[in-house]
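Trainee: show me the folded form of this:
(one chain, ligands or ions: 3)
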Amino acid sequence: MRKHSLHVMTTGQQELARVAEIAGQCPTELIDVLHIREKQRGAGEITAWYAALKPLFAQSAVHINDRLDAALAVGAPGVQLAYNSLSVSQSRRILPPSVSIGCSVHSAEEAAAAAEQGADYVLYGHIFDSNSKPGLAPRGIQALADVVKACSVPVIAIGGIEPGNVDEVLSTGCAGVAVLSSVLLHAEPAAQIRRFREAIDRSHHNLRSGLN
Ligand SMILES: Cc1ncc(COP(=O)(O)OP(=O)(O)O)c(N)n1
Ligand SMILES: Cc1nc(C(=O)O)sc1CCOP(=O)(O)O
Ligand SMILES: [Mg+2]
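Mentor: Ligands and ions are numbered 1, 2, ... in the order given. Got it, this is the predicted structure:
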């Protein structure tokens, strides 16, 4: 059992064939959760993404962003709720209890509310400057630490995460990191996944007490 999780997100900028090609060359067993985050695609297309990618991520959980209908149709083990998705409590009512619910949050208040409603984990960001969030000020490490303190479920940090800042991020007691551009848009995705996993597993920081 790994102490901290590595989540990787699809970019919304690549075709399925390209993502599958990259995944086929990568040590995907080092990734705990793959998020299919393809906001511009319909539910039918997302189910096709799941069917094509799941065999390439045989040892990872594959979660679906926003589309509970697609997640239910394919039997996905998790969903990632966005700011404009159904709420956590609405989602809980619809989904089987075994389906993990992650919720995207941007403040300690939102994190505490998501946990209260039954989220299994929250994604908080963006921590550092990120080309994936152009022109938006990052929230920083201290804000992440505050969210970790305020939230009773695991917090996964997102936004501008690189192998070189993983240890600082994990020093907040968060439960892992989520990465978009620095894996699937990187020139060396396989090497980058290894760098992330090594940086995460090398860290001596523990999850916030109560979450181990
Ligand atoms: C204040 C604030 N609100 C919403 C967002 C973005 O929401 P999210 O659900 O995380 O969607 P994506 O990041 O996946 O586009 C935000 N960053 N900040
Ligand atoms: C999808 C997403 N959500 C964020 C949030 O703060 O809610 S930041 C983000 C993008 C993260 O991309 P990268 O790893 O390329 O910085
Ligand atoms: Mg987000």
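Trainee: any idea what residue 33 is bridged to?
Mentor: Beta bridges link residue 33 to residue 7, residue 61 when assigned by DSSP bridges.
Trainee: that one: neighbour count?
Mentor: 23 (other C-beta atoms under 10 Å). For glycine as for every other residue, the C-beta is placed from the backbone atoms N, C-alpha and C.
Trainee: can I assume it is in contact with residue 4?
Mentor: No. Residue 33 lies out of contact with residue 4 (C-beta atoms under 8 Å); the separation is 11.9 Å.
Trainee: can you give me the strands in the protein?
Mentor: For the chain, the strands defined by DSSP state E occupy 5-9, 33-36, 61-65, 78-81, 100-105, 121-124, 155-158, 176-179.
Trainee: adding mean pLDDT and distance to residue 167, write those out as CSV.
Mentor: Below are these laid out as CSV (pLDDT from 0 to 100; distance: least, C-beta to C-beta, whole Å):
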stretch, mean pLDDT, distance to residue 167
strand 5-9, 98, 14
strand 33-36, 99, 20
strand 61-65, 98, 24
strand 78-81, 98, 25
strand 100-105, 98, 23
strand 121-124, 98, 18
strand 155-158, 98, 12
strand 176-179, 98, 11
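Trainee: give the contact list for residue 88.
Mentor: 81, 101, 103, 114, 117, 118, 119 (C-beta atoms under 8 Å, 6 or more residues apart in numbering).
Trainee: okay, the second one and residue 77: tell me how far apart.
Mentor: This means residue 101. Distance, residue 101 to residue 77, using C-beta to C-beta, to the nearest Å: 11 Å.
Trainee: which one of the two has more residues nearby?
Mentor: A direct count of neighbours by other C-beta under 10 Å for residue 101 and residue 77 places residue 101 higher, at 25 against 16.
Trainee: what sits against the more buried one?
Mentor: 78, 79, 81, 88, 91, 92, 95, 118, 119, 120.
Trainee: switch to 10 Å and redo it
Mentor: For residue 101, the contact set (C-beta atoms under 10 Å, 6 or more residues apart in numbering) comprises 63, 68, 71, 78-81, 86, 88-89, 91-92, 95, 114, 117-122, 153.
Trainee: just the buried members of the residues you listed?
Mentor: Among the contacts of residue 101, the ones that count as buried by 16 or more other C-beta atoms under 10 Å are 63, 68, 71, 78-81, 86, 88, 91-92, 95, 114, 118-122, 153.
Trainee: skipping adjacent residues, who's closest to residue 171 in space?
Mentor: What sits nearest to residue 171 in space, not counting adjacent residues and going by C-beta to C-beta, 6 or more residues apart in numbering, is residue 205, at 5.0 Å.
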